[in-house]
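Visitor: whatever this is, show me its structure:
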Amino acid sequence: MPKRSDLLGETRLELINRARRLGIPGYSRMTKEELATAIATTRTKDNTARRTLGQPG
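Guide: Model (predicted):
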């Protein structure tokens, strides 16, 4: 799971591609900082759900 600070090292285009794959709504209008936060938050929620269900995260 990437941290927000790690994601800020990527370009905005790379973050947009990640956000699109994750299904984050409104990604095309977000700033680089907003994208990094949204991606880090989405990944955290996803991994938490997997652990709750007993799936590897």
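
Visitor: pLDDT below threshold where in this structure?
Guide: Scanning the chain for pLDDT under 70 picks out the ranges 1, 43-57.

Visitor: so where do the helices sit in it?
Guide: Secondary structure of the chain (DSSP state H): helices located at 4-7, 12-22, 32-52.

Visitor: columns mean neighbour count on top of those helices, output as JSON lines?
Guide: C-betas here are computed from N, CA, C, even on glycine. Output for the helices of the chain, formatted as JSON lines (neighbours: other C-beta atoms under 10 Å):
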{"stretch": "helix 4-7", "mean neighbour count": "14"}
{"stretch": "helix 12-22", "mean neighbour count": "15"}
{"stretch": "helix 32-52", "mean neighbour count": "15"}
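
Visitor: check contacts around residue 10.
Guide: By C-beta atoms under 8 Å, 6 or more residues apart in numbering, the contact list for residue 10 reads 18, 36.
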